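>>> I'll drop the sequence and a predicted model, then ask my questions.
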Amino acid sequence: MDRPFVDKVWELTANKVILISAIGNDGPLYGTLNNPADQMDVIGVGGINFDSQIARFSSRGMTTWELPGGYGRVKPDIVTYGSGVRGSALRGGCRSLSGTSVASPVVAGAVTLLTSAVISKLDIINPASVKQALMASAQRVPSANVFEQGHGKLDLVRAYQILRSYKPQASLSPSYVDFTECPYFWPYCTQPLYFGAMPIIVNVTILNGMGVSGKIVGKPEWNPYTPQYGNYVEVSFSYSPILWPWSGYLAVSLTVSKSAANWEGLAQGQVTLTIQSPPEGDELEPRQSVVNFPIKVKIIPTPPKNKRILWDQFHNLRYPPGYFPRDNLRMKNDPLDWNGDHIHTNFKDMYQHLKTNGYFVEVLGSPFTCFDASQYGTLLLVDPEEEYFPEEITKLKRDIDSGLSLIIFADWYNTTVMKKVKFYDENTRQWWMPDTGGANIPALNDLLEPLGMAFGNQVYEGDFNLANHAMYYASGTSLAKFPGDGLVISQNLKNQGHEVIKGASMREKNVPILGLHHNRGIKGSGRVALYGDSNCLDNSHLQKDCFWLLAALLEFSSYGNIPPSFKSKTSAIPIKSLVQLPLRLEGNHLYRYSKVLENHLGTPHTRPLPSCPHHAMAQSKPINTSAPLNLYKHQRLLSLETLPDMPVDRLGLGGLSPDELKWAGWKHNGLGGGSHNIFPILAFMGMVIVLVFLVNRLYRNRRSQRRPRLRKLHQIYSSIMKQPRT
């Protein structure tokens, strides 16, 4: 991320410049939003085709600025046509264009029309009010979730109606959250809440149409609906101290109270907050707007620990990153690892597979010292780049001895290869050197040292078969140390590191890539499984998935079951590999992006261990009324104070009433129509055209039959006139 560029975007929007930006063409991978479209004050636009389906190329959310401690925001904001759109060719004529850079000009044109249509109300036109009107009027795209479509498809007519009646106010995006509404609220709808789980965070964007700056007055309130068991939900908040420019965030953390540890059902409530902005013009009092955020969650009894997986997000480095190279060295056109490494971004399919197999996955956004290991069956580390606090290393060994299991999917690390994949950046005019490899193997080895395990220094690649599954090892590492009583599986692979460094291919036999171990000397201890490559779980460059392998390792970590085919592949680690442990790259700048390291007089060293996050639960103020039955319809009106439909002059329709517009098929059709109301009209017009065509053909045929007679009469008349007169 270019921070000076972001600052310039803020400067523009703060001066009432409405910025509309393409969300990116890196779909269907999640976590691929582009800047500046992923900023709160910018209208981020995704693409759809003419069947109102999300275009495959359109980038998906969530935003990754907030990781690892928080959760991403909803983006894109809206979607519109961006696939197969006819446009001008450079050498004349037309051509078909596709991309979100095609969709965003459509929205830019729509915004231009909107502002010109309310020219008398330019004082209320600003980046927030226009964005509010577009989002509140958008139509939902069926079968697409909130991180694919945002608020839905652009509806120009409805946006005009809203903007024409608009009064400055605040609104929220999303305007509500419903854990039972699938697929729109994926991934929230995929996993219920239960007592003892890590907080579920809903990151809400506050749009402030009252002024470029504002603030939340007092503190947000939690209002549980008493008839809908809202008292079973505990809520805490963090939010922007200042809303600028035109926007801010409200992070809502949801947990279940102890009284609902064995309860199952739906619970509802709402968050209420007051937004205030300075007075404008001749106003004497500050502007205020009260907004509500309804919440509906499903609660279940706490699952057994062997079904609970804790995903380590803390040790996946945050956005914006430094130069952390791709995990698959073959993918030279995509040099950066920038998708967040979250279960809801580039590990989405892995997450879905775990859910299908009955597991509950929670996200740890803090050090290992901040979770109760007795509540979980397995700690899952995939492609970590961060360092570890000494206290984390000590605690993890103690947790494993007490019954916690550990599964690690690592990646390549070799300092010579890292130097080979450096590149020259034209913007900064300097060489970019990786700060770590595909994973931070030296840090992982520090973590595994008390267990007598370590990963190696080489980079391997190749196809092989394991347990009747075709596998592809894409730029992975190998095991260098493993307990003698453990199970180790080896394969014949190509030394990809040698190829990168020397330019020559070299194959090696019996490369140890998978290890399983259970220390039976400690009663009740957990199990450990190590695998040297994470690309088979990562959607970024997935060629052959290994979800089956993860399921098999979870069977081992949770229940001690080892597939018989694994036992037949057992091998030993060569003695020579015991000394091939990788070292950290000298002069690296990992401390610039690390949450663990800091620079002290030119030497990186470990920071003091931070305190664990403390979620101060908001005091609840119950509401003894029933919740709305349909939050979506209810909130479409609450999110913006819209008035009844108004006459619209569109395409020469004049001042038709809303009913006439509806009959004509123009109401709620968006930019491209598409309502079933217009089909009878189109059919009637088609019949008229066909009838006119047939009548015209009949007339022309009759004329063609008369023409020979006219020609014959003309010839007789000419011959008579040419005869000599006597």
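That came through, no problem. Predicted model only: the values in this text are computed from it and were never measured. Residues are numbered from 1 along each chain as shown.

>>> make it CA atoms for all contacts and neighbour counts henceforth
Fine.

>>> now the end-to-end length of stretch 29-38.
One end of stretch 29-38 sits 15 Å from the other (CA to CA, to the nearest Å).

>>> do the same with stretch 170-177
18 Å.

>>> and it, average pLDDT?
The average pLDDT within stretch 170-177 is 97.

>>> what do you get for stretch 87-96?
90.

>>> quote the end-to-end distance of that stretch.
So stretch 87-96: terminal residues 6 Å apart, CA to CA.

>>> all strands of the stretch 401-550 of the chain, in order?
405-409, 423-425, 430-432, 454-455, 460-466, 469-476, 479-481, 487-495, 507-518, 527-531 (DSSP state E, counting those that start in this stretch).

>>> so who does residue 361 touch?
308-311, 351, 354-355 (CA atoms under 8 Å, 6 or more residues apart in numbering).

>>> which SSE is it in?
strand 360-364 (DSSP states H and E).

>>> give me the mean pLDDT for the helix or strand just after that strand.
Moving toward the C-terminus from strand 360-364, the next helix or strand (DSSP H and E) is strand 378-382. Throughout strand 378-382, pLDDT has a mean value of 98.

>>> now the angle from strand 378-382 to strand 527-531?
Interaxial angle of strand 378-382 relative to strand 527-531 (axes from the mean of the first three to the mean of the last three CA atoms, to 10 degrees): 20 degrees.

>>> and strand 378-382, how far from the chain's centre?
With CA atoms, centre = their mean, to the nearest Å as the basis, strand 378-382 stands 21 Å off its chain's centre.

>>> please apply the same query to stretch 158-172.
On CA atoms, centre = their mean, the centre of stretch 158-172 falls 27 Å from the chain's centre.

>>> quick check: buried residues in that stretch?
158-164, 166, 168-172 (16 or more other CA atoms under 10 Å).

>>> on that earlier part again, which of the strands of the stretch 401-550 of the chain sits most buried?
With neighbours taken as mean count of other CA atoms under 10 Å, those reach their highest mean count in strand 454-455, at a mean of 28.

>>> what helices or strands is that one leaning on?
helix 441-448, strand 479-481 (3 or more CA pairs under 8 Å, 6 or more residues apart in numbering; DSSP states H and E).

>>> let's see it at 6 Å
Strand 454-455 sits against strand 479-481, with contacts defined as 3 or more CA pairs under 6 Å, 6 or more residues apart in numbering; DSSP states H and E.

>>> ranges for the helices of the stretch 501-650 of the chain?
547-559, 564-567, 631-638 (DSSP state H, counting those that start in this stretch).

>>> mind giving me a markdown table with these and columns for distance to residue 201, mean pLDDT and mean neighbour count?
What follows is the helices of the stretch 501-650 of the chain, written out as a markdown table (distance: least, CA to CA, whole Å; pLDDT from 0 to 100; neighbours: other CA atoms under 10 Å):
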| stretch | distance to residue 201 | mean pLDDT | mean neighbour count |
| --- | --- | --- | --- |
| helix 547-559 | 26 | 97 | 19 |
| helix 564-567 | 39 | 84 | 12 |
| helix 631-638 | 19 | 59 | 16 |
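
>>> quick one: which of the ones you listed is nearest residue 610?
When these are compared by CA to CA, helix 547-559 sits nearest residue 610, at 29.7 Å.

>>> that closest one to strand 460-466, inter-axis angle?
70 degrees.

>>> quick one: contacts of helix 547-559?
306, 405, 527, 561-562 (CA atoms under 6 Å, 6 or more residues apart in numbering).

>>> let's see it at 7 Å
306, 350, 353, 377-378, 405, 527-529, 537, 561-562 (CA atoms under 7 Å, 6 or more residues apart in numbering).

>>> ok, back up a step: tell me the mean pLDDT over the strand holding residue 361?
On average, strand 360-364 scores 98.

>>> do the same with stretch 414-427
According to the model, stretch 414-427 has a mean pLDDT of 86.

>>> keeping just the C-alphas, turn it into PDB.
Extracted in PDB, the C-alpha atoms of stretch 414-427 (Å, rounded to 0.1, in the frame of the first residue of the first chain):
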ATOM      1  CA  ASN A 414      16.200 -20.500   1.800                       C
ATOM      2  CA  THR A 415      18.300 -17.300   2.100                       C
ATOM      3  CA  THR A 416      20.000 -17.800  -1.300                       C
ATOM      4  CA  VAL A 417      16.700 -18.300  -3.000                       C
ATOM      5  CA  MET A 418      15.400 -15.200  -1.200                       C
ATOM      6  CA  LYS A 419      18.200 -13.100  -2.700                       C
ATOM      7  CA  LYS A 420      17.400 -14.500  -6.100                       C
ATOM      8  CA  VAL A 421      13.700 -13.400  -6.100                       C
ATOM      9  CA  LYS A 422      14.500  -9.800  -5.200                       C
ATOM     10  CA  PHE A 423      13.100  -7.200  -7.700                       C
ATOM     11  CA  TYR A 424      13.500  -3.600  -8.600                       C
ATOM     12  CA  ASP A 425      10.600  -1.300  -7.800                       C
ATOM     13  CA  GLU A 426      10.200   1.600 -10.200                       C
ATOM     14  CA  ASN A 427       8.100   3.600  -7.800                       C
END
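
>>> still on that earlier bit, which of the contacts of residue 361 are buried?
308-311, 351, 354.

>>> then residue 349 would be within a helix, right?
Yes - counting by DSSP: H, G, I helix; E, B strand; the rest coil, residue 349 is located in a helix.

>>> hang on, the earlier thing: turn the buried ones among the contacts of residue 361 into JSON lines, including distance to residue 6, secondary structure and pLDDT.
Converted to JSON lines, these look like this (distance: CA to CA, whole Å; DSSP: H, G, I helix; E, B strand; the rest coil; pLDDT from 0 to 100):
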{"residue": "308", "distance to residue 6": "39", "secondary structure": "strand", "pLDDT": "98"}
{"residue": "309", "distance to residue 6": "37", "secondary structure": "strand", "pLDDT": "98"}
{"residue": "310", "distance to residue 6": "34", "secondary structure": "strand", "pLDDT": "98"}
{"residue": "311", "distance to residue 6": "31", "secondary structure": "strand", "pLDDT": "98"}
{"residue": "351", "distance to residue 6": "32", "secondary structure": "helix", "pLDDT": "98"}
{"residue": "354", "distance to residue 6": "37", "secondary structure": "helix", "pLDDT": "98"}
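
>>> list the contacts of residue 426.
Residue 426 neighbours (CA under 7 Å, 6+ apart): none.

>>> and the strands in the stretch 101-250 of the chain, which stretches?
170-173, 177-178, 200-208, 215-224, 233-239, 247-256.

>>> so which elements touch the last one?
Using 3 or more CA pairs under 7 Å, 6 or more residues apart in numbering; DSSP states H and E as the contact definition, the elements that strand 247-256 packs against are strand 200-208, strand 233-239.

>>> and for it, what's in contact with it?
With CA under 7 Å, 6+ apart, strand 247-256 has contacts from 40-41, 193-195, 199-208, 232-240.

>>> let's see it at 6 Å
Taking CA under 6 Å, 6+ apart as the rule, strand 247-256 contacts 194-195, 199-208, 232-240.

>>> starting at the chain centroid, how far to that strand?
17 Å.

>>> what average pLDDT does it get?
97.

>>> counting by contacts, list what the helix or strand just after that strand packs against.
Later in the chain than strand 247-256, the nearest helix or strand by DSSP H and E is strand 265-277. Under the contact criterion of 3+ CA pairs under 6 Å, 6+ apart, strand 265-277 touches strand 215-224, strand 287-299.

>>> okay if I get the ones you listed as TSV plus mean neighbour count and distance to residue 494?
Below are these laid out as TSV (neighbours: other CA atoms under 10 Å; distance: least, CA to CA, whole Å):
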stretch	mean neighbour count	distance to residue 494
strand 215-224	20	58
strand 287-299	21	49
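
>>> dump these into TSV; add mean pLDDT and distance to residue 511 as well.
What follows is the helices and strands packed on strand 265-277, written out as TSV (pLDDT from 0 to 100; distance: least, CA to CA, whole Å):
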stretch	mean pLDDT	distance to residue 511
strand 215-224	97	56
strand 287-299	97	46
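
>>> and these as JSON lines, adding distance to residue 136?
Below are the helices and strands packed on strand 265-277 laid out as JSON lines (distance: least, CA to CA, whole Å):
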{"stretch": "strand 215-224", "distance to residue 136": "22"}
{"stretch": "strand 287-299", "distance to residue 136": "14"}
